[in-house]
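S.K.: Dropping a prediction and its sequence here:
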Amino acid sequence: MLAIEEIQQLERKNLGPLTILSGEDTGQYQIAKEALLQQIGFDTADLGFAYFDMSEADYAQVDLDLVSLPFFADEKIVILDYFADLSTDKKRYLTDDELKQFEDYLTQPNETTRLIVLVPGKLDSKRRLVKLLKRDGLSLEANQLKEADIRHYFKKILAETDLKMADEVYEQLLVKSSFDFSEMTKNIAFLKAYKASGQVEAQDIDVAIPKTLQDNVFDLSKLVLAGKTDAAQQLVHDLRLQGEDEIKLIAILLTQFRMFLQVNILKAEGRSESQIVGDLSDYLGRKVNPYQVKFALRDSRGLTLSYLKKVVSLLIECDYQIKTGRMDKDYLFDIALLKMSSLR
């Protein structure tokens, strides 16, 4: 069960003596943290709660709240937020003596205190203190999820809405969201705001969800391939005004054209679409999404292997020249785009 699903089953009345939420996936962790605070009804005005930001709190006050008895209820909830000392991060806010004092509390906790520890980042499992937390508490970890977990979870989320979509459209949404938990959450919210109910089509995703940098770079490559140099230059100008760097743009273009080249080489060798997925997964050392291959084959239709090889080589050379300071990076990038168009 995912951390967010476990959190949805928690309430203030069934909260255990110790709950730890941590997570390497920053976006998923933040969503899980907000959900946890909402589930327990956290309110700064509620005297049944004591909240501490551990990056700036006085530990003496923290310890006092942990051991003191509640005044207005049978139990009180103490929340220790931003407890980076327990993560693999190098940040340290507490002294060794203060951490030892916290460890001592955990060995003999106050029966009327419900403790919630919020740790942005990965828990340092080698530490005795962390082992103690995991042993005695409910540990919720918002770490990077596998594609299958992402796909399964959001399938359930969409089933609870009035939105319907075909499998191919759902895959398009996943790819658009880069299989990222927080991006999927945000993009589903955009879709619900755009279309409260009914069948979601591919064009609805294009209209409802704001374009990412990858989307803009993909549009840029289409303009270049179509020979629309003025429109391409205007798009590059807009991206520069947004603070995007040429090296980042080249990296995304390279990723795109490398995929085009790889799928077309395998296609030329007589591989089927499913075989291409398998071969690429073996080559890259990770499972390649079948729809990424499907879209790459579709979008590179009409591009020859010779052209794709020249473009990849051109982009690598441009990247090298920019990083070695050969010439102005704006100039080098603009020339690379013109060469891509002329080679076509």
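M.R.: All right, it came through fine.
S.K.: so where do the strands sit in the stretch 1-150 of the chain?
M.R.: Taking DSSP state E, counting those that start in this stretch as the criterion, the stretch 1-150 of the chain carries its strands at 18-23, 49-53, 76-81, 113-120, 138-141.
S.K.: got those strands as TSV, with mean neighbour count, distance to Gly302 and mean pLDDT columns?
M.R.: C-beta: built from backbone N, CA, C; applies to glycine. Shown next, in TSV, are these (neighbours: other CB atoms under 10 Å; distance: least, CB to CB, whole Å; pLDDT from 0 to 100):
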stretch	mean neighbour count	distance to Gly302	mean pLDDT
strand 18-23	24	44	97
strand 49-53	18	57	96
strand 76-81	21	54	96
strand 113-120	23	47	97
strand 138-141	20	46	96
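S.K.: residue ranges of the helices in the stretch 151-300 of the chain, please?
M.R.: Here the stretch 151-300 of the chain has its helices, by DSSP state H, counting those that start in this stretch, at 167-176, 181-194, 202-208, 213-225, 229-241, 246-268, 273-284, 290-299.
S.K.: Of these, which is nearest Met340?
M.R.: Met340 lies closest to helix 213-225 among the helices of the stretch 151-300 of the chain, at 5.0 Å (CB to CB).
S.K.: which strands and helices sit next to the closest one?
M.R.: If you count contacts as 3 or more CB pairs under 8 Å, 6 or more residues apart in numbering; DSSP states H and E, helix 213-225 packs onto helix 229-241, helix 246-268, helix 329-343.
S.K.: what sits against Thr19?
M.R.: Neighbour list for Thr19: 10, 36, 114-117, 137-138, 140 [criterion: CB atoms under 8 Å, 6 or more residues apart in numbering].
S.K.: just curious, which of those is nearest to Lys323?
M.R.: Taking CB to CB as the measure, Lys323 lies nearest Leu140 of the contacts of Thr19, at 41.7 Å.
S.K.: what's the distance between the closest one and Leu106?
M.R.: To Leu106, Leu140 is 17 Å away according to CB to CB, to the nearest Å.
S.K.: Next one: the residue nearest to Glu5 when sequence neighbours are not counted from Ile7, what distance?
M.R.: The spatially closest residue to Glu5, leaving aside those adjacent along the chain, is Tyr153, at 7.5 Å (CB to CB, 6 or more residues apart in numbering). Separation of Tyr153 from Ile7 (CB to CB) stands at 13 Å.
S.K.: just to revisit the earlier point, dump the strands of the stretch 1-150 of the chain to TSV, plus distance to Val263.
M.R.: TSV is the format used below for the strands of the stretch 1-150 of the chain (distance: least, CB to CB, whole Å):
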stretch	distance to Val263
strand 18-23	34
strand 49-53	49
strand 76-81	46
strand 113-120	38
strand 138-141	35
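S.K.: Tell me which of those lies nearest to Val224.
M.R.: strand 18-23 (39.4 Å).
S.K.: now for the helices and strands packed on helix 213-225, which one comes closest to Ala50?
M.R.: With CB to CB as the criterion, Ala50 lies closest to helix 246-268 of these, at 43.8 Å.
S.K.: who does the closest one touch, helix- and strand-wise?
M.R.: Here helix 246-268 touches helix 213-225, helix 273-284, helix 290-299, helix 305-323, helix 329-343, going by 3+ CB pairs under 8 Å, 6+ apart.
S.K.: need those in a markdown table with mean neighbour count, can you?
M.R.: Shown next, in a markdown table, are the helices and strands packed on helix 246-268 (neighbours: other CB atoms under 10 Å):
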| stretch | mean neighbour count |
| --- | --- |
| helix 213-225 | 18 |
| helix 273-284 | 15 |
| helix 290-299 | 17 |
| helix 305-323 | 17 |
| helix 329-343 | 17 |
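S.K.: Relative to Met259, which of the strands of the stretch 1-150 of the chain is closest?
M.R.: Across these, closest to Met259 is strand 18-23 (CB to CB), at 29.8 Å.
S.K.: Quick one: work out the angle between that closest one and strand 76-81.
M.R.: Relative orientation of strand 18-23 and strand 76-81, computed by axes from the mean of the first three to the mean of the last three CA atoms, to 10 degrees: 20 degrees.
S.K.: before we move on, back to that, for the helices and strands packed on helix 213-225, state which one has the densest average packing.
M.R.: helix 246-268 (a mean of 19; mean count of other CB atoms under 10 Å).
S.K.: and the angle from it to helix 290-299?
M.R.: Using the same axes, to 10 degrees: helix 246-268 against helix 290-299 is 90 degrees.
S.K.: I'd like the distance from helix 246-268 to the chain centre, please.
M.R.: Distance of helix 246-268 from its chain centroid, counting by CA atoms, centre = their mean, to the nearest Å, is 22 Å.
S.K.: what's the answer for stretch 280-297, then?
M.R.: When C-alpha coordinates are averaged (CA atoms, centre = their mean), stretch 280-297 and its chain have centres 20 Å apart.
S.K.: swap in stretch 265-282?
M.R.: Averaging C-alpha positions (CA atoms, centre = their mean) puts stretch 265-282 28 Å from its chain's average.
S.K.: Average pLDDT for it, rounded please.
M.R.: Averaging pLDDT along stretch 265-282 yields 92.
S.K.: contacts for it?
M.R.: Here stretch 265-282 has contacts from 262-263, 287-288, 290, 293-294, 297, 305, using CB under 8 Å, 6+ apart.
S.K.: Between which two of the residues you listed is the distance greatest?
M.R.: The most widely separated members of the contacts of stretch 265-282, counting by CB to CB, are Lys287 and Leu305 (25.3 Å).
S.K.: Thanks a lot, see you next time.
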